[in-house]
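Novice: using only what follows, build the 3D model:
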Amino acid sequence: MITPGRKDFVSVAVDESGAYTNGKQRKQSYWRKWKQLSSLQRSLILFVLILLLISAIVVYPGLLTRWGAQSDTVERRRDDDGLLSRGEMKSGGKAVLPEPPSEKKGSRKRGPPALQNRSQNKVNGSEAQKVDVKVVVEDGNKSLISWRGAAIKTDKDTDAEKKESEDSSAVESRLEAVREAFRHAWKGYKDFAWGHDELKPVSKSYTEWFGLGLTLIDALDTMWILGLKKEFEEARQWVATHLSFEKNVDVNLFESTIRILGGLLSSYHLTGDALFLEKAKDIGSRLMPAFNTPSKIPYSDVNIGSGVAHPPRWTSDSTVAEVTSIQLEFRELSRLTGDPKYQDAVMEIMRRVHKLEGKHDGLVPMFINTNNGQFTHLGVYTLGARADSYYEYLLKQWIQGGKTETELLEDYMQAVEGVKKNLLKKSSPHDLTFVGELSHGRFSPKMDHLVCFLPGTLALGAHNGLVAEHMELAQQLMETCYQMYTQMETGLSPEIVHFNMQAGSTQDVDVKPADRHNLLRPETVESLFYLYRFTKDKKYQTWGWEIFQNFNKYTRVDTGGYTSINNVRDPKSPSPRDKMESFFLGETLKYFYLLFSDNSDLINLDTYIFNTEAHPLPIWPKAK
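Specialist: Below is the predicted model:
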């Protein structure tokens with residue numbers, strides 16, 4: 001019922017935004033409830049929410065990846081609609097892809113791809129496949145081992161393999177350089193001196209000493225060791241068709257023994273070719289008349305055609321080094337032929353020298369008389385010319401014979417002590433250890449390049465069980481012999497040096513004008529070979545490489561061959577002497593090759609002993 005005069009009406013609320021009003025009321029209700037909570041309650045709730053959020057991120061890391069993927073999908077869709085993709089350059093509308101990260105400088109990941117992929121998979125969370133890997137330490141190096149037991153290559157492995165490859169390449173490069181040097185020298189000999197004793201490379205001619213193809217025979221085993229088959233076959237053919245000892249010619253007993261007899265015996269052992277043994281028997285028997293003396297000390301010279309032997313025309317003496325450095329070769333000839341006469345003759349010399357008076361703390365004079373068998377020129381002691389290889393052969397005979405001849409070892413050990421007591425001094429300013437000479441009680445700081453055989457001999461003795469001090473002394477003397485090269489302007493050693501011993505000296509080495517020549521000698525390279533073979537210290541190869549390069553720089557002749565030079569102190573004009581000694585091919589280049597090789601079985605020093613001309617002869621098997 002409607003009462004007149006009264007404005008009665010119905011109020012209607014209109015929701016202009018649909019669910020907005022109710023939602024607002026709910027939000028306000030939630031807010032009022034939140035405000036009604038105490039501060040402690042609000043803090044606890046926030047803490048729980050944050051904890052749940054962190055847990056979700058840790059447990060579900062793939063969410064971030066999927067979100068990123070969704071974003072990339074949206075972006076690619078935008079690209080499909082005609083927009084430039086990321087990484088494109090807006091230049092003429094042409095898209096330029098960015099450089100792959102693995103190819104960018106400084107961005108390449110180290111290590112093999114397998115390791116990189118494994119790391120990437122681990123980052124991908126749920127898509128990763130877990131790999132059980134453990135670290136094993138062996139010989140100081142870490143290695144990764146998979147659960148299957150397979151070794152996983154590491155960066156260190158890869159670097160080691162790369163270094164090994166580089167080292168192998170460097171070794172082969174140096175070996176080939178020596179082969180090339182030999183071929184170059186051989187070319188000169190073949191072109192200008194074929195079948196003769198020694199090449200004169202500058203004048204493109206030759207010199208004759210014995211007329212027996214000395215350079216060719218001296219180089220036979222070098223060619224075999226270097227693997228120069230073509231050159232070796234050429235030389236062998238000459239030996240087979242042209243080498244004859246039926247000649248009316250005087251030869252030096254020592255030089256023909258170490259070069260010709262030693263070279264033929266070595267070539268026989270390395271090749272098994274009976275041709276060389278037959279030639280060795282021939283020359284060996286022709287040298288025997290030299291031993292027919294009243295004292296059993298051989299004459300220095302013998303005519304291999306007539307069989308007449310004699311001392312030099314100016315003296316009845318022989319040098320001690322010459323008569324005591326033929327034993328290795330004649331002993332081996334007896335072993336091969338079964339004829340004891342060769343060994344008996346040379347060992348009689350050693351027995352007599354062992355008993356002689358005139359030694360000084362094991363050091364011997366330089367000369368011995370062939371009539372009475374006594375030392376002459378007493379009071380002069382050196383490890384240089386005329387005495388050097390006596391000391392070398394004491395040790396090497398002992399090793400050759402199976403280390404049973406105690407008198408030889410006793411003489412060697414006493415001699416080394418004599419060197420240390422009487423001849424060993426230090427230079428100034430660098431305290432280089434050197435071996436001088438003693439003359440009637442007076443010390444001279446003179447040292448021949450020939451003395452540089454001593455570091456190698458000392459090292460060989462130490463390798464065969466002698467005192468460790470010998471190896472220490474060998475290393476000190478090796479440094480000195482190297483300095484004899486490096487302190488010269490050409491980097492090549494002179495024939496003789498004098499060491500300064502006065503305080504305040506500016507250079508360790510002085511060289512007299514008459515001693516400045518270099519004959520392409522092998523002694524320093526020989527000792528470098530022994531020191532490297534026994535210590536594996538790469539510095540000895542480095543030193544040898546420097547010397548080899550200087551030989552190439554200052555002694556190589558363009559048309560073929562190498563020449564000795566007059567002045568190692570003048571790099572602008574070293575002044576060639578126009579002679580290539582046979583030992584350059586027989587010894588110097590052979591020792592360079594062996595020095596640069598890392599193959600210890602290439603002339604194994606437990607199987608072979610080198611004669612003083614670098615011809616390897618077998619160490620005798622021990623008697624059962």
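Novice: can we go C-alpha only for contacts and neighbour counts from here?
Specialist: Will do.
Novice: so where's the stretch 301-450 of the chain shaky on pLDDT?
Specialist: Within the stretch 301-450 of the chain, no stretch has pLDDT under 70.
Novice: how many residues are close by Gly272?
Specialist: 12 (other Cα atoms under 10 Å).
Novice: any idea how far Leu228 is from Phe182?
Specialist: Applying Cα to Cα, to the nearest Å, the value for Phe182 to Leu228 is 9 Å.
Novice: A helix includes Glu329, no?
Specialist: Yes: counting by DSSP: H, G, I helix; E, B strand; the rest coil, Glu329 is located in a helix.
Novice: hmm, it is touching Arg259, no?
Specialist: No: counting by Cα atoms under 8 Å, Glu329 stays clear of Arg259, with 10.0 Å between them.
Novice: neighbour-wise, which of Phe182 and Leu228 wins?
Specialist: Neighbours per residue, other Cα under 10 Å: of Phe182 and Leu228, the larger number sits with Phe182, 25 against 15.
Novice: tally of neighbours for Ser168?
Specialist: Counted with other Cα under 10 Å, residues neighbouring Ser168 total 13.
Novice: averaged pLDDT, the helix or strand hosting it. What do you get?
Specialist: Element membership of Ser168, judged by DSSP states H and E, is helix 155-192. For helix 155-192, mean pLDDT rounds to 86.
Novice: average model confidence for the following helix or strand past it?
Specialist: Later in the chain than helix 155-192, the nearest helix or strand by DSSP H and E is strand 198-200. In this model, strand 198-200 has a mean pLDDT of 98.
Novice: returning to what we had before: elements contacting the helix holding Ser168?
Specialist: With contacts taken as 3 or more Cα pairs under 8 Å, 6 or more residues apart in numbering; DSSP states H and E, helix 155-192 sits against strand 198-200, helix 589-596.
Novice: Glu417: which of the ones you listed is closest?
Specialist: helix 589-596 (27.9 Å; Cα to Cα).
Novice: could you point out the helix or strand that follows that closest one?
Specialist: Immediately after helix 589-596, counting by DSSP H and E, sits strand 608-610.
Novice: and that next one, what does it pack against?
Specialist: If you count contacts as 3+ Cα pairs under 8 Å, 6+ apart, strand 608-610 packs onto helix 388-400, strand 616-618.
Novice: now the first one: how far from the chain's centre is it?
Specialist: Relative to its parent chain, helix 388-400 has a centroid offset of 25 Å by Cα atoms, centre = their mean, to the nearest Å.
Novice: what's stretch 300-320 in contact with?
Specialist: 245-254, 283, 286-287, 289-290, 298-299, 322-323, 364-371, 376, 386-387, 390 (Cα atoms under 8 Å, 6 or more residues apart in numbering).
Novice: same thing with stretch 358-370?
Specialist: 293-299, 311, 316-321, 374-382, 386-387, 411-412, 414-419.
Novice: what about that stretch, how long is it end to end?
Specialist: 16 Å.
Novice: which residues in the stretch 301-450 of the chain form strands?
Specialist: 301-303, 309-310, 317-319, 367-369, 375-376, 380-381, 424-426, 433-435, 437-439, 442-444, 446-448 (DSSP state E, counting those that start in this stretch).
Novice: pLDDT below threshold where in the stretch 1-150 of the chain?
Specialist: For the stretch 1-150 of the chain, the ranges with pLDDT under 70 are 1-35, 56, 58-150.
Novice: rerun at 50
Specialist: By pLDDT under 50, the low-scoring segments of the stretch 1-150 of the chain are 1-27, 63-150.
Novice: that older thread, output the helices and strands packed on strand 608-610 in JSON lines, with distance to Asp273 and mean neighbour count appended to each entry.
Specialist: Shown next, in JSON lines, are the helices and strands packed on strand 608-610 (distance: least, Cα to Cα, whole Å; neighbours: other Cα atoms under 10 Å):
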{"stretch": "helix 388-400", "distance to Asp273": "22", "mean neighbour count": "23"}
{"stretch": "strand 616-618", "distance to Asp273": "15", "mean neighbour count": "23"}
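Novice: quick one: which of the ones you listed is nearest Leu450?
Specialist: Among the helices and strands packed on strand 608-610, helix 388-400 sits nearest to Leu450 (Cα to Cα), with 7.3 Å.
Novice: return the closest one as PDB; C-alpha atoms alone will do.
Specialist: The C-alpha coordinates for helix 388-400 follow below in PDB (Å, rounded to 0.1, in the frame of the first residue of the first chain):
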ATOM      1  CA  ASP A 388     145.200 -38.000 -24.200                       C
ATOM      2  CA  SER A 389     143.800 -41.300 -25.400                       C
ATOM      3  CA  TYR A 390     146.100 -43.400 -23.000                       C
ATOM      4  CA  TYR A 391     143.600 -42.400 -20.300                       C
ATOM      5  CA  GLU A 392     140.600 -43.000 -22.500                       C
ATOM      6  CA  TYR A 393     141.700 -46.500 -23.400                       C
ATOM      7  CA  LEU A 394     142.400 -47.600 -19.900                       C
ATOM      8  CA  LEU A 395     138.700 -47.300 -19.100                       C
ATOM      9  CA  LYS A 396     137.500 -48.500 -22.400                       C
ATOM     10  CA  GLN A 397     139.600 -51.700 -22.400                       C
ATOM     11  CA  TRP A 398     138.300 -52.500 -18.900                       C
ATOM     12  CA  ILE A 399     134.700 -52.100 -20.200                       C
ATOM     13  CA  GLN A 400     135.300 -53.900 -23.500                       C
END
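Novice: now Ala474, nearest residue through space, not along the chain?
Specialist: Nearest residue to Ala474 in three dimensions, chain neighbours excluded: Pro455, at 4.1 Å (Cα to Cα, 6 or more residues apart in numbering).
Novice: run a quick neighbour tally on the one you found.
Specialist: Neighbour tally, Pro455, other Cα under 10 Å: 28.
Novice: how near is it to Ser444?
Specialist: For Pro455, the distance to Ser444 - Cα to Cα - is 20 Å.
Novice: one more: Asp510?
Specialist: 13 Å.
Novice: select only the buried ones of the contacts of stretch 358-370 in PyMOL?
Specialist: Buried members of those, defined by 16 or more other Cα atoms under 10 Å, are picked up in PyMOL with:
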select buried, resi 293+295+296+297+298+299+311+316+317+318+319+320+321+374+375+376+378+379+380+381+382+386+387+411+412+415+416+418+419
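Novice: so which of the contacts of stretch 358-370 are in helices?
Specialist: Under the assignment DSSP state H, those contribute Val320, Ala321, Asp411, Tyr412, Gln414, Ala415, Val416, Glu417, Gly418, Val419 to helices.
Novice: which single one of these is nearest to Asn518?
Specialist: Ala321 (21.5 Å).
Novice: how close does the closest one sit to Tyr381?
Specialist: Ala321 is 12 Å from Tyr381, by Cα to Cα.
Novice: with Ser597 instead?
Specialist: Where Tyr381 is concerned, Ser597 sits at a distance of 36 Å (Cα to Cα).
Novice: what's the answer for Thr588, then?
Specialist: 27 Å.
Novice: any idea how many residues pack against Gln476?
Specialist: 16.
Novice: how confident was the prediction at the residue nearest the centre of the chain?
Specialist: What sits nearest the mean C-alpha location of the chain, by Cα atoms, centre = their mean, is Gln541, with 3.8 Å. The model reports Gln541 with a pLDDT of 98.
Novice: other residues contacting the helix or strand hosting it?
Specialist: Element membership for Gln541, per DSSP H and E: helix 539-554. Helix 539-554 is touched from outside by 174, 482, 485, 490-492, 520, 525, 528-529, 531-532, 571, 574, 592, 595-596, with contacts defined as Cα under 8 Å, 6+ apart.
Novice: what angle do that helix and helix 589-596 make?
Specialist: 140 degrees (axes from the mean of the first three to the mean of the last three Cα atoms, to 10 degrees).
Novice: now helix 539-554, how far from the centre of its chain.
Specialist: 12 Å.
Novice: quick check: angle from that helix to helix 155-192?
Specialist: Going by the same axes, to 10 degrees, helix 539-554 makes 40 degrees with helix 155-192.
Novice: I'd like the average pLDDT over the helix or strand following helix 539-554.
Specialist: Next along the chain after helix 539-554, taking DSSP H and E as the criterion, comes helix 582-583. Average pLDDT, helix 582-583: 98.
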